[in-house]
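Participant: Any chance you could fold what I've pasted below:
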Amino acid sequence: RMAMTLPAYKKGGSSGLTCSDCHTPSADKSTFEAVDMEKDCSSCHSLGLGKVGNTVLTLRHGDARQTIAEIKALYRGASAQSLPTNGFLAGRHIPGSVSPSSKAAMPIPSADAAIRRIFSQGGTCYECHQVVAPANPASLDFTVKPVSVPKIYMSKAWFDHKAHDTAKCETCHTAPKSKSATDVLMPGIKTCQTCHAGATPQHEKIQSTCSMCHGYHFEDTLKTKKGTGSAATKISFRSPS
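Facilitator: Below you'll find the predicted structure:
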């Protein structure tokens, strides 16, 4: 769906996706809310399974067992015209480069084939998640690991986005130069030092002692728990008093 709709999105006057399309500030504007599939991703990353008339059937997000059960139920009662197609269950394409093909429109012949398509490389779930295939090749017992992204990347420092709201996102995060979705665009201290002078005052820079960003026993304000998925930890943050 993203490949089909992004050109129209640009024709509407937009130069493409912006940071705010996916990233929502927290209530106090200091950090950002976790990215939510249904709210932030689904408008481009479709979970469409098939079509009945003009209604698109969608996969159940977040519950692999339920998804598998619903696909099996669909195949038990679906007509040939409403079966999922290769185009529906494929992953993302390069925006603007895809056009419907006869292969994409071909129905997937069985529930087992559709389930394997979804959970295999190039399928819908595989695009964002690590998928563990069953040990028995005949089994459909796929395991989908949840996406785990740290809420706070600078776990040894306090950073308040609200205090920096006069700066553009790309001032610190080099998204325009990024070539891969796997890039973690966290700035180094040299980026901070373009505005922050350190303890010694400098012309047109902010005098910044260590305690502006760091504090003793700072770990007391960071509650860390083991995460699941590709990232090692999830961190929830409480601002130092």
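
Participant: which residues does the residue lying closest to His164 once chain neighbours are set aside contact?
Facilitator: Spatial nearest neighbour of His164, excluding adjacent residues (Cβ to Cβ, 6 or more residues apart in numbering): Cys172 at 7.8 Å. Bear in mind the C-beta positions are built from the backbone N, C-alpha and C, glycine included. Contacts for Cys172 (Cβ atoms under 8 Å, 6 or more residues apart in numbering) come out as 164, 187, 191.

Participant: Look at Cys172 and report its pLDDT.
Facilitator: According to the prediction, Cys172 has pLDDT 95.

Participant: Phi first, then psi, for it.
Facilitator: phi -110, psi -30 (degrees, to the nearest 10).

Participant: Which helix or which strand is home to the spatially closest residue to Ser30 that is not a sequence neighbour?
Facilitator: Using Cβ to Cβ, 6+ apart and skipping the chain neighbours, the partner closest in space to Ser30 is Asp160 (4.8 Å). Using DSSP states H and E, Asp160 is not contained in any helix or strand.

Participant: follow-up on the earlier one: Asn136 versus the residue nearest to His164, what's the distance?
Facilitator: Distance, Cys172 to Asn136, using Cβ to Cβ, to the nearest Å: 48 Å.

Participant: Give me the residue ranges of the chain where confidence is low.
Facilitator: Within the chain, the segments meeting pLDDT under 70 span 1-16, 77-106, 217-241.

Participant: What strand or helix carries the most centrally placed residue in the chain?
Facilitator: Nearest residue to the geometric centre of the chain (Cα atoms, centre = their mean): Val35, 6.2 Å. Taking DSSP H and E as the definition, one finds Val35 inside no helix or strand.

Participant: Would you confirm that it contacts Cys19?
Facilitator: No - when contacts are counted by Cβ atoms under 8 Å, Val35 is not listed as touching Cys19 (11.6 Å).

Participant: what residues are shared contacts of the two?
Facilitator: With Cβ under 8 Å, 6+ apart, Val35 and Cys19 have no common neighbours.

Participant: contacting residues around the longest helix anywhere in the chain?
Facilitator: Using DSSP state H to define each element, the chain has its longest helix at helix 64-77. Residues from elsewhere that reach helix 64-77 (Cβ under 8 Å, 6+ apart): 49-50, 57, 59-60, 82-84, 110-111, 114-115, 118-119, 125, 140, 142-144.
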